[in-house]
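In: Show me how the following folds:
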Amino acid sequence: YMEHFHLDFYLREALGLLAGSGKGDDETAPEILGGYFQAVLQGEHLRSRQYRHVQATPENRRAFVRILRQGFGQLAGDADSLAVTVHDFHDMLVPMCSDFPLKLVEEAAEFAEHADGRKHRLLGRRVPFGKELKLGAASAASAPSASSSSSSSDAGLAGQGSDETEPRAPADLMFVL
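Out: Residues are numbered from 1 along each chain as shown. Below you'll find the model as predicted:
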């Protein structure tokens, strides 16, 4: 059980936090430990932590992605017009995780173009981009005076020559979170 849920990692972290708390602190040991485990449950324990903490457990990795979505979702009011470079994206990660490896961002950028639109969401969006396409196409088809011309950003979402069952990310948007 402890190994499956990586409890040894969290216990070591909690004990290190407890050992690092000064004698002058007003918080008791149960309050410190309770606060830490509450932060773990809420996924807030990774803010401004090193990469080794982020990648230490599957739950930590999921929590870090949630933190990214929360932070970057506010930046992307209109994801269709947002494109960031590898270095821009890495620069946005550094305040959250100062030693986040640039190589991982570069590798993610290589694979982002092949994202599955049925499962992955564009930066700042709640719905997978493939579902947005189908919803948009359905509403456009049902509109009585739908324009016959479509914007280049709408066409880019479907990808060049791809069928609608596997929508592709726009080529200029490098990251799918």
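In: Pull out the buried residues from the biggest helix by length in the chain.
Out: Ordering each helix of the chain by length in residues (DSSP state H) puts helix 58-73 first. Neighbour counts over helix 58-73 (16 or more other Cβ atoms under 10 Å) mark 59-60, 63-64, 67-69, 72-73 as buried. All C-beta atoms are positioned from the backbone trio N, CA, C, and that covers glycine.
In: In CSV: those, plus pLDDT and distance to Val127.
Out: CSV is the format used below for the buried residues of helix 58-73 (pLDDT from 0 to 100; distance: Cβ to Cβ, whole Å):
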residue, pLDDT, distance to Val127
Glu59, 93, 25
Asn60, 95, 26
Ala63, 93, 22
Phe64, 93, 22
Ile67, 88, 20
Leu68, 85, 17
Arg69, 82, 13
Phe72, 77, 16
Gly73, 72, 13
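In: still on that earlier bit, for the longest helix of the chain, packing partners?
Out: Judged by 3 or more Cβ pairs under 8 Å, 6 or more residues apart in numbering; DSSP states H and E, the packing partners of helix 58-73 are helix 51-54, helix 86-93.
In: tell me the angle of it relative to helix 86-93?
Out: Put simply, helix 58-73 runs at 100 degrees to helix 86-93, going by axes from the mean of the first three to the mean of the last three Cα atoms, to 10 degrees.
In: what's helix 58-73 in contact with?
Out: Applying Cβ atoms under 8 Å, 6 or more residues apart in numbering, the set of residues contacting helix 58-73 from outside is 5-6, 40, 43-47, 53-55, 92-93, 96-97, 123-124, 177.
In: can you count the residues close to Tyr1?
Out: For Tyr1, the count of nearby residues is 5 (other Cβ atoms under 10 Å).
In: where exactly do the helices run in this structure?
Out: Applying DSSP H to the chain gives helices spanning 7-20, 29-42, 51-54, 58-73, 86-93, 102-112, 129-142, 152-158.
In: CA-only coordinates of the fifth one in CSV, if you can.
Out: Right, helix 86-93. Extracted C-alpha coordinates of helix 86-93, given in CSV (Å, rounded to 0.1, in the frame of the first residue of the first chain):
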residue,chain,number,x,y,z
VAL,A,86,9.6,26.4,-26.7
HIS,A,87,11.7,29.0,-24.9
ASP,A,88,8.6,31.2,-24.1
PHE,A,89,6.9,28.2,-22.6
HIS,A,90,10.0,27.2,-20.6
ASP,A,91,10.2,30.8,-19.4
MET,A,92,6.7,30.6,-18.1
LEU,A,93,7.4,27.3,-16.3
